[in-house]
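>>> Dropping a prediction and its sequence here:
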Amino acid sequence: MISLIGLSTLHAEDFYWKGTSTNINAASSWVGNNKPDFTGSAAENDVWNFNVTGSSPNISSPNIRLAGFYFQPNSGAFNISGNSPLDVYGFTVGSTTYAIYNNTANTQTFSTNGAVKFHGSALTFETGTGKLLFSASTDFTQVQQMVFTGQGNTEFTGNVNVNSVRWQFSNSGVNDVRVAFNSAEELIIDGGSTTTFHQNTSVNNSGTLVTNFSVAHFNSTFNSNKLTVDYGAKVYIGGNASHNGGIDLKCGTLLLKSSNVIGNHNLNAMGGIFNLQGFSEGLNNLSLSVNSMVDFGSGAGANSLNFQGAGAFASGKMLTVMNWTSGDSFQVLNISNSKAQQVRFYGDYGVQGVGFYQAQLNGNTLTPGNFLYATAPDMINCVPVPVPEPSTYIMGGALMIALTCFEWRRRRAQKSSPNVGA
């Protein structure tokens, strides 16, 4: 988070809230009796500054326009309320245009009964180390790209309109979207945050990318043209999901929170982990381009993973199956013997004990066969792919995935351990 002492470098005009009353129309409510324009194009350059604790502004006049809100380091927590809508156009610091800059550890709330509408080609929302709470109805459709930054949190409890918007959570805190999030053009979660979508979520042509150790929970219907999980990220699917463009499972983990939620879509194993977590799933084609894993999880057995076919398997690449038991079923329809040779199971499946076992093919079913070797090598080879600015990467994610191989003992203790393929 950049440090701002004042707004003298802004391409805007500054107005300072006094905090002695809630009436925005009274000149005495503003420092030096200097109140904003409120309406007309000139108002679109007005930045409302907060550097005190006190009463929150009440938006009682119609058609209020402003550049944005800046909550300075000594600002308290404010609740922007009232019955009238707001139009926010953004103010520029350096090369970044902000709609809201929270330079505090406090929660700044937007709860107007009238909608808050944002305008601009790209707007940044700085969370600071605090929180931005949107309980008002918010309209982002006039913005091409939205980016949330900082170490803080966001929460959305009022209706949000994100139709055709490119939406990016680059903050590292917690994001709770408690309302429907529909028809976004693109969704990127890349700041290391934990983000939960509690209601229906849909993303159009550009799809969804979760990366950079971020965690995303989709607890209801999740429709995204494509889903990409990369660079140490975790994505939990809890509601019915649709990904017509397929799932690219790169250097991250895709986890189920319920059975049969993904449906008939392609899974491209590109260096990540598909963790069933003790649930069952059926998908379309399985392809393999980088060493990857399937983890049946620590459920009580009798879990199934079924693919309708086998796509391309890159030469020399391996798919490792973890935590499989004799009660589980792993099927790939019409998989060839040569592709089956690129599948192996890791566990205790014979007199040789713990190690890798070559998959054996019985019809369309894959089970552990002959013992290969006992050592668990680093078989994951992930190369992180940069995402659009302002994201930056600091750490590598391959180690996290490789170490998953050695977690099987703790989790497998919760499942039976049959001897097969002895």
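Yep, it's here.
>>> Show me the helices in the stretch 151-300 of the chain, by range?
Using DSSP state H, counting those that start in this stretch, the stretch 151-300 of the chain contains no helices.
>>> Can you tell me the SS state at residue 76?
Three-state assignment for residue 76 (DSSP: H, G, I helix; E, B strand; the rest coil): coil.
>>> pretty sure it is touching residue 106, no?
Yes - contact criterion C-beta atoms under 8 Å: residue 76 and residue 106 qualify, at 6.2 Å. To be clear about C-beta, it is placed using only N, CA and C from the backbone, and glycine gets the same treatment.
>>> More neighbours: the two, which one.
Shown here are residue 76 and residue 106; by other C-beta atoms under 10 Å, residue 106 has more neighbours (19 against 16).
>>> List the residues that contact the more buried one.
Going by C-beta atoms under 8 Å, 6 or more residues apart in numbering, residue 106 touches 71, 75, 76, 77, 78, 128, 130, 131.
>>> Of these, which is the nearest to residue 165?
Nearest to residue 165 among these is residue 131, at 21.2 Å by C-beta to C-beta.
>>> Quickly list what the closest one is bridged to.
residue 107, residue 153 (DSSP bridges).
>>> just for the stretch 1-150 of the chain, where's the confidence low?
1-12 (pLDDT under 70).
>>> Recalculate using a threshold of 50.
Along the stretch 1-150 of the chain, the parts satisfying pLDDT under 50 run over 1-9.
>>> And the closest residue to residue 174 other than its chain neighbours, how far from residue 114?
Here the nearest residue to residue 174 in space, its sequence neighbours aside, is residue 153; by C-beta to C-beta, 6 or more residues apart in numbering that works out to 4.6 Å. As judged by C-beta to C-beta, to the nearest Å, residue 153 and residue 114 stand 25 Å apart.
>>> With residue 168 instead?
Residue 168 sits 26 Å away from residue 114, going by C-beta to C-beta.
>>> neighbour-wise, which of these two wins?
With neighbours defined as other C-beta under 10 Å, residue 168 and residue 114 compare such that residue 168 has more, 25 against 16.
>>> Let me see the contact set for the more buried one.
By C-beta under 8 Å, 6+ apart, the neighbours of residue 168 are 145, 146, 147, 148, 187, 188, 189, 190, 388, 391.
>>> do residue 44 as well
65, 66, 67, 87, 89.
>>> Looks to me like the fourth one is in a helix.
By that I understand residue 87. No - with three-state DSSP as the criterion, residue 87 is strand rather than part of a helix.
>>> Give me the neighbour count for it.
18.
>>> For the stretch 301-422 of the chain, give me the ranges with low pLDDT.
Using pLDDT under 50, the stretch 301-422 of the chain drops low at 379, 384-414, 416-422.
>>> ok, which stretches of it are strands?
All strands of the stretch 301-422 of the chain, identified by DSSP state E, counting those that start in this stretch, fall at 304-313, 319-322, 329-332, 343-348, 354-362, 365-373.
>>> can you put these in CSV and add distance to residue 291 and mean neighbour count?
Below are the strands of the stretch 301-422 of the chain laid out as CSV (distance: least, C-beta to C-beta, whole Å; neighbours: other C-beta atoms under 10 Å):
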stretch, distance to residue 291, mean neighbour count
strand 304-313, 11, 18
strand 319-322, 7, 22
strand 329-332, 17, 20
strand 343-348, 10, 23
strand 354-362, 12, 19
strand 365-373, 15, 18
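>>> Residue 251: which of those is closest?
Among those, the nearest to residue 251 by C-beta to C-beta is strand 319-322 (14.9 Å).
>>> And that closest one, what does it pack against?
On a contact count with 3 or more C-beta pairs under 8 Å, 6 or more residues apart in numbering; DSSP states H and E, strand 319-322 meets strand 292-295, strand 343-348.
>>> mind checking which of the ones you listed is nearest residue 201?
Nearest to residue 201 among the helices and strands packed on strand 319-322 is strand 292-295 (24.7 Å), distances taken as C-beta to C-beta.
>>> SS state for residue 61?
With three-state DSSP as the basis, residue 61 sits in coil.
>>> Okay, it and residue 371: tell me how far apart.
78 Å.
>>> can you check residue 36 too?
76 Å.
>>> mind putting the helices and strands packed on strand 319-322 in JSON lines, distance to residue 139 included?
As requested, the helices and strands packed on strand 319-322 are exported to JSON lines (distance: least, C-beta to C-beta, whole Å):
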{"stretch": "strand 292-295", "distance to residue 139": "41"}
{"stretch": "strand 343-348", "distance to residue 139": "49"}
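>>> Out of those strands, which is closest to residue 141?
Judged by C-beta to C-beta, the one of the helices and strands packed on strand 319-322 that comes nearest to residue 141 is strand 292-295, at 38.3 Å.
>>> For the closest one, name the packing helices and strands.
Using 3+ C-beta pairs under 8 Å, 6+ apart, strand 292-295 is in contact with strand 273-275, strand 319-322.
>>> Using a markdown table, lay out those together with distance to residue 237.
Formatted as a markdown table, the helices and strands packed on strand 292-295 follow (distance: least, C-beta to C-beta, whole Å):
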| stretch | distance to residue 237 |
| --- | --- |
| strand 273-275 | 11 |
| strand 319-322 | 19 |
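>>> for those strands, which one sits closest to residue 121?
strand 273-275 (37.4 Å).
>>> packing partners for the closest one?
strand 253-256, strand 292-295.
>>> Now do the last one, average pLDDT.
When pLDDT is averaged over strand 292-295, the result is 95.
>>> contacts for it?
So strand 292-295 is in contact with 249, 269-276, 305, 317, 319-323, 330, 380, 401, 404-405, going by C-beta under 8 Å, 6+ apart.
>>> Likewise for stretch 15-25?
For stretch 15-25, the surrounding residues in contact (C-beta under 8 Å, 6+ apart) are 28-32, 34-36, 38, 46-61, 64, 76.
>>> Just the ones of the residues you listed in strands?
Here DSSP state E is the test, and the contacts of stretch 15-25 give 46, 47, 48, 49, 50, 58, 59, 64 as lying in strands.
>>> okay, now the closest residue in space to residue 98 that isn't next to it in sequence: neighbour count?
Nearest residue to residue 98 in three dimensions, chain neighbours excluded: residue 124, at 5.0 Å (C-beta to C-beta, 6+ apart). For residue 124, the neighbour count with other C-beta under 10 Å is 23.
>>> rewinding a little: just the buried subset of the contacts of stretch 15-25, please.
Listed as buried from those are 29-31, 35-36, 38, 46-52, 55-59, 64, 76; burial here means 16 or more other C-beta atoms under 10 Å.
>>> ok, residue 142 - contacts?
Residue 142 sits next to 117, 118, 119, 120 when contact means C-beta under 8 Å, 6+ apart.
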